[in-house]
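Peer 1: output the structure for:
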Amino acid sequence: RFDAITGSYITLGQLTGFERRAKLLSDWAEETMKTLLSRTETVPQERRPRVYYARGPRGLETGLAGSINVETVEFLGAVNVARAAMGGGLANVSLEQVLAWNPEVIITIDQAFAANVRSDPAWRGVKAVSDGRVHLSPKIPFGWVDFPPSVNRLAGLWWLAKILYPTLVSEDVRTLTRDFHTLFYHVTPTEAQIDRVLAGRD
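Peer 2: Model (predicted):
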């Protein structure tokens, strides 16, 4: 969970003797979360985007309310349309249910679904699809939304916040992507590699 990241780094630093390095990563994580929370908390409830998290080639698997799979979405104050369902992990839903929820934004990790949903007549009635607001999440080297549930999702917070609240996030996602990989993974990606990451490709 996000609220455990900063403390986990401090503990790891103490255990391994790399306290300075651990504090650097802990501070970056804490600053990211505090910055984004301070901005999204100003958004009135009625203006918070309604989001559906689509998994699988048909887009009919999603994360229920409180699930770690949608923690990124819910952390930013967006409305997970599956919140009314019984809390838990992942669940299969029907297309009829998604049509009834009628989300404004769809976030997916599945390339096949992202590539086909716009031309699928069954999905045309969903506002996010008709408005062109279906977004394929980055997932290399690790996913930015839910898997694995670790610090890779910190980059996902910036990416998703830019999508959900574009007027509140002026930071350049490409720069953030490069800086995140340099700091956490000790690899500075090239422009071409950043293109590939942000395109959501394998």
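Peer 1: list the pairing partners of the helix or strand bottoming out on mean pLDDT in the chain within its sheet, with orientation.
Peer 2: Least confident helix or strand, the chain: strand 90-92 with a mean of 92, by mean pLDDT, DSSP states H and E. Take DSSP bridges as the rule and strand 90-92 pairs in its sheet with strand 61-63 (antiparallel).
Peer 1: quick check: which helices or strands does the next helix or strand after the strand it pairs with pack against?
Peer 2: Once the chain leaves strand 61-63, the next helix or strand it forms, by DSSP states H and E, is helix 71-75. Packing partners of helix 71-75 (3 or more Cβ pairs under 8 Å, 6 or more residues apart in numbering; DSSP states H and E): helix 19-40, helix 152-164. No exception for glycine: its C-beta is placed from N, CA and C like everyone else's.
Peer 1: now stretch 187-202: average pLDDT?
Peer 2: On average, the pLDDT along stretch 187-202 is 95.
Peer 1: tell me which residues in that stretch are buried?
Peer 2: Along stretch 187-202, these residues count as buried under the neighbour rule (16 or more other Cβ atoms under 10 Å): 189, 194, 197-198, 200.
Peer 1: what does it contact?
Peer 2: Contact with stretch 187-202 is made by 109, 111, 114, 136-140, 159, 173-174, 177-178, 181-182, as judged by Cβ atoms under 8 Å, 6 or more residues apart in numbering.
Peer 1: low-confidence ranges, this structure, go.
Peer 2: Within the chain, the stretches with pLDDT under 70 are 84-87.
Peer 1: now for the residue nearest in space to the middle of it: which residues touch it?
Peer 2: Nearest to the geometric centre of the chain sits V145, at 3.6 Å (Cα atoms, centre = their mean). Residues counted as contacts of V145 (Cβ under 8 Å, 6+ apart) are 53, 69, 72-73, 107, 109, 137, 153, 156, 160.
Peer 1: next: W158.
Peer 2: So W158 contacts 32, 36, 169, 171, 173, 176 (Cβ under 8 Å, 6+ apart).
Peer 1: just give me the closest of the buried residues of stretch 187-202 to L15.
Peer 2: P189 (29.4 Å; Cβ to Cβ).
Peer 1: in a strand, the closest one, correct?
Peer 2: No. Counting by DSSP: H, G, I helix; E, B strand; the rest coil, P189 is not found in a strand; it is coil.
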